[in-house]
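**Student:** Following is a predicted model, sequence given first.
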Amino acid sequence: MARSSHNMATRPLVPGQAPGEGDGVTSTPPSQAPAETAGSAEHAATAAEHASATATVTAASRTGRSRRSGWPRLPPRPARPHRAWWVALVCFVALVGAAAFRATPSVFIDPLHAEFGWSNATISGAVSVNVLLYGLTAPFASALMERYGIRRVVACALLLIAVGSGLTVFMTAAWQLILCWGVFVGLGTGSMALAFAATVTNRWFVQRRGLVTGVLTAGGAAGQLVFLPLVALLVEGPGWRVASLVVSGAALAVVPLVVWLLRDRPEDVGLLPYGADENYVTPAEQGTGAARLALGALWDAARGRVFWLLAGTFAICGATTNGLIAVHFVPAAHDHGMAVPAAASLLAVIGVFDLVGTIASGWFTDRFDPRRLLAVYYALRGVSLMFLPLLFTDEVRPSMLFFIVFYGLDWVATVPPTIALCREHFGERGAIVFGWVLASHQAGASIVAFLAGLVRDTFGSYDPVWVVSGALCAAAALMALVIRDRAAAETR
């Protein structure tokens with residue numbers, strides 16, 4: 001009787017079933033108690049029936065209905081996506097809004113030259129200041145995010161972009177262009193640079209970092225895709241001032257979304273980073289000032305060869321993308337008789353395939369050696385630039401479309417593997433070190449943005465620039481292969 005009572009007390013009940021009903025075990029009077037060996041066999045049989053009954057109840061609950069009573073069961077709630085994915089989405093939208101300005105320089109050069117009489121070198125000089133500050137601001141912005149939080153820094157950066165773009169409608173002198181485009185927008189976009197994507201990825205993700213980095217990096221391409229055709233049409237229609245105000249409004253519109261939804265760390269909302277296990281330890285907050293933190297990371301990183309190789313390759317990356325194609329492709333195409341809206345649309349198509357290529361590069365970075373990926377990317381880019389002078393005509397032809405697709409896939413595909421190498425070699429300071437690597441990217445872009453305009457004014461053609469840029473890409477491919485794997489280097 002004691003055994004039977006124990007079975008009824010511990011075995012789960014099917015809804016609608018009375019205690020002891022259907023359990024397949026009856027109580028036995030003491031006079032009929034079996035021998036000790038038989039009792040052991042009965043206990044084993046009872047345990048087996050217990051497991052079978054539990055499986056039956058579980059199967060019934062999974063089908064949403066009790067086997068005996070017919071009671072309906074509520075379906076299980078679908079698992080909510082991790083908060084990290086929402087943060088990544090907000091960051092993507094913010095990067096799209098910040099990228100609105102990246103669509104303006106290439107289509108503003110001719111209107112500004114026509115209205116104010118400024119030379120290509122003068123206008124390119126303002127762009128050079130912009131891209132230089134974009135790069136120099138990035139490491140300090142990363143340190144500020146470590147010190148004061150992502151949300152505050154990003155909101156202030158978007159406000160700077162809106163102010164800088166909006167004030168250009170009142171300018172009458174070249175120094176005002178340098179102040180608005182170069183200083184205000186340069187500081188704002190620098191704070192929203194790719195180091196921002198690295199900081200968000202490091203804090204909110206443990207798994208899928210390469211993929212998320214690729215998606216966030218593609219935010220700039222998406223902004224170019226959205227705004228470049230629109231800005232070109234506005235310049236041809238109402239004028240460049242209306243286009244400047246649209247860019248300003250786009251940056252301003254993202255600020256409320258950032259303040260409302262963006263959070264600095266997953267721990268702020270009681271979560272662990274995506275993919276972290278129970279052994280994850282939150283990195284200690286940096287107690288030093290932002291400037292000291294940024295300069296300290298640079299000092300430590302600059303003592304190794306890896307930093308200089310990454311900085312050198314990324315400087316060439318900036319020279320051949322932001323400094324060359326982004327600024328001078330539209331004027332170069334216009335020199336060969338192509339309409340400005342058509343050339344701007346081609347640049348926007350680069351943005352479409354950049355979106356695809358960068359996300360794919362993030363996926364590849366999670367699976368393949370980032371050094372070899374960089375070598376392939378730079379080699380292919382160099383080949384395409386060598387052929388570009390032969391492809392310019394007064395209309396869009398298939399050969400030019402092939403270049404646009406090919407170059408678009410490779411545009412900033414270099415970012416995910418570069419961030420991965422910074423994270424591999426520099427650990428928790430990887431985002432700040434990448435900020436300094438990004439500074440070299442923008443330094444290269446700044447130098448080439450100015451020199452390409454100077455070459456155009458001097459020789460009347462951009463052809464020498466394309467050839468030299470292709471050779472630089474070949475050098476970057478070799479530099480990437482020289483970078484040692486950290487694990488292999490430590491074993492030697």
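**Tutor:** Good, I have the coordinates.

**Student:** Under the pLDDT cut-off, which ranges of the stretch 201-350 of the chain? List them.
**Tutor:** Along the stretch 201-350 of the chain, the model assigns pLDDT under 70 to residues 221-222, 224-225, 283-290.

**Student:** right, I mislabeled it, should have said the stretch 351-492 of the chain
**Tutor:** For the stretch 351-492 of the chain (pLDDT under 70), the answer is 486-492.

**Student:** Could you give the separation of stretch 471-485 from the chain centroid?
**Tutor:** Going by Cα atoms, centre = their mean, to the nearest Å, the spacing between the C-alpha centre of stretch 471-485 and its chain's C-alpha centre is 23 Å.

**Student:** chain center to the host helix or strand of L228, what's the gap?
**Tutor:** Assigned by DSSP states H and E, L228 belongs to helix 209-236. Centre-to-centre, helix 209-236 and its host chain are 12 Å apart (Cα atoms, centre = their mean).

**Student:** quick one, helices of the stretch 251-400 of the chain?
**Tutor:** Applying DSSP state H, counting those that start in this stretch to the stretch 251-400 of the chain gives helices spanning 290-301, 305-320, 325-335, 340-365, 370-387, 398-410.

**Student:** gap between the closest residue to I150 other than its chain neighbours and L159?
**Tutor:** If you skip the residues right next to it in sequence, I150 has D264 as its closest partner in space, 5.0 Å away by Cβ to Cβ, 6 or more residues apart in numbering. C-beta: built from backbone N, CA, C; applies to glycine. D264 is 18 Å from L159, where distance means Cβ to Cβ, to the nearest Å.

**Student:** Also E267?
**Tutor:** Separation of E267 from L159 (Cβ to Cβ) stands at 27 Å.

**Student:** Neighbour count: these two, which is higher?
**Tutor:** Ranked by neighbour count (other Cβ atoms under 10 Å), E267 and L159 place L159 first, with 15 against 12.

**Student:** In JSON lines, list the helices of the stretch 251-400 of the chain along with mean neighbour count and distance to E278.
**Tutor:** Formatted as JSON lines, the helices of the stretch 251-400 of the chain follow (neighbours: other Cβ atoms under 10 Å; distance: least, Cβ to Cβ, whole Å):
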{"stretch": "helix 290-301", "mean neighbour count": "18", "distance to E278": "29"}
{"stretch": "helix 305-320", "mean neighbour count": "24", "distance to E278": "33"}
{"stretch": "helix 325-335", "mean neighbour count": "23", "distance to E278": "45"}
{"stretch": "helix 340-365", "mean neighbour count": "22", "distance to E278": "27"}
{"stretch": "helix 370-387", "mean neighbour count": "21", "distance to E278": "29"}
{"stretch": "helix 398-410", "mean neighbour count": "18", "distance to E278": "40"}
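
**Student:** looking at the ones you listed, which is closest to G275?
**Tutor:** Closest to G275 of the helices of the stretch 251-400 of the chain, according to Cβ to Cβ: helix 340-365, at 14.8 Å.

**Student:** That closest one: how far from the chain's middle?
**Tutor:** On Cα atoms, centre = their mean, the centre of helix 340-365 falls 14 Å from the chain's centre.

**Student:** Over to stretch 301-310?
**Tutor:** Using Cα atoms, centre = their mean, the mean C-alpha position of stretch 301-310 is found 23 Å from that of the whole chain.

**Student:** Need the distance between the two termini of it.
**Tutor:** From its first residue to its last, stretch 301-310 covers 11 Å (Cα to Cα, to the nearest Å).

**Student:** Name the residues that touch that stretch?
**Tutor:** Applying Cβ atoms under 8 Å, 6 or more residues apart in numbering, the contact partners of stretch 301-310 are 418, 421-422, 425-426, 429, 433, 436-437, 479-480, 482-484.

**Student:** ok, now how distant is the one residue sitting closest to the centre of the chain from V405?
**Tutor:** Nearest to the centroid of the C-alpha atoms of the chain, with distances taken as Cα atoms, centre = their mean, sits L216, at 2.0 Å. As judged by Cβ to Cβ, L216 and V405 stand 23 Å apart.
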